[in-house]
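J.: here you go, sequence then predicted model.
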Amino acid sequence: MTKEMKRIDERQQLLVILMEECGELIQECSKNLRRGELFDRPDFKKEVGDVYAMIELLVERGCITKTELNNGSQLKKLKLIKYSNIFGDYNEK
């Protein structure tokens with residue numbers, strides 16, 4: 001751990017690392033689109049796993065509850081049903 005990281009508490013570290021991991025996932029998504037590989041790249045799966053691990057740590061450390069996480073997830077899915085065709089395309093397969 002660097003000297004600077006020691007100055008911030010664990011919850012702040014969680015936020016910093018979560019931001020970094022989200023940034024890495026964003027970068028990987030961009031690479032996938034440019035290369036036309038979408039979800040096939042191992043690096044994409046690794047980055048999704050890294051973000052997922054950070055979300056699990058947020059739950060474990062009491063920063064967000066599983067209920068809050070599930071509620072947020074459900075609200076997002078309702079918005080996607082309304083404003084995108086993600087679920088329409090999925091249900092047609």
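T.: Yep, it's here.

J.: pLDDT weak spots in this structure?
T.: Under the criterion pLDDT under 70, the flagged ranges of the chain are 1-6, 89-93.

J.: quick one, domains of it?
T.: Following automatic domain parsing, the chain resolves into domains at 1-62, 65-93.

J.: in JSON lines, list those domains along with mean neighbour count.
T.: Placement of C-beta: from N, CA and C, glycine included. Converted to JSON lines, the domains of the chain look like this (neighbours: other CB atoms under 10 Å):
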{"stretch": "domain 1-62", "mean neighbour count": "12"}
{"stretch": "domain 65-93", "mean neighbour count": "10"}
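
J.: quick one: the helix or strand harbouring Lys46 to chain centroid distance?
T.: Using DSSP states H and E, Lys46 sits in helix 42-60. Its chain's C-alpha centre and that of helix 42-60 lie 6 Å apart, by CA atoms, centre = their mean, to the nearest Å.

J.: helices or strands next to it in the packing?
T.: helix 10-35, helix 66-83 (3 or more CB pairs under 8 Å, 6 or more residues apart in numbering; DSSP states H and E).

J.: tell me who's in contact with the nearest residue to Arg41 once chain neighbours are set aside.
T.: Nearest residue to Arg41, sequence neighbours excluded (CB to CB, 6 or more residues apart in numbering): Asn32, at 5.8 Å. Asn32 is in contact with Leu38, Phe39, Asp40, Arg41, Phe44, counting by CB atoms under 8 Å, 6 or more residues apart in numbering.
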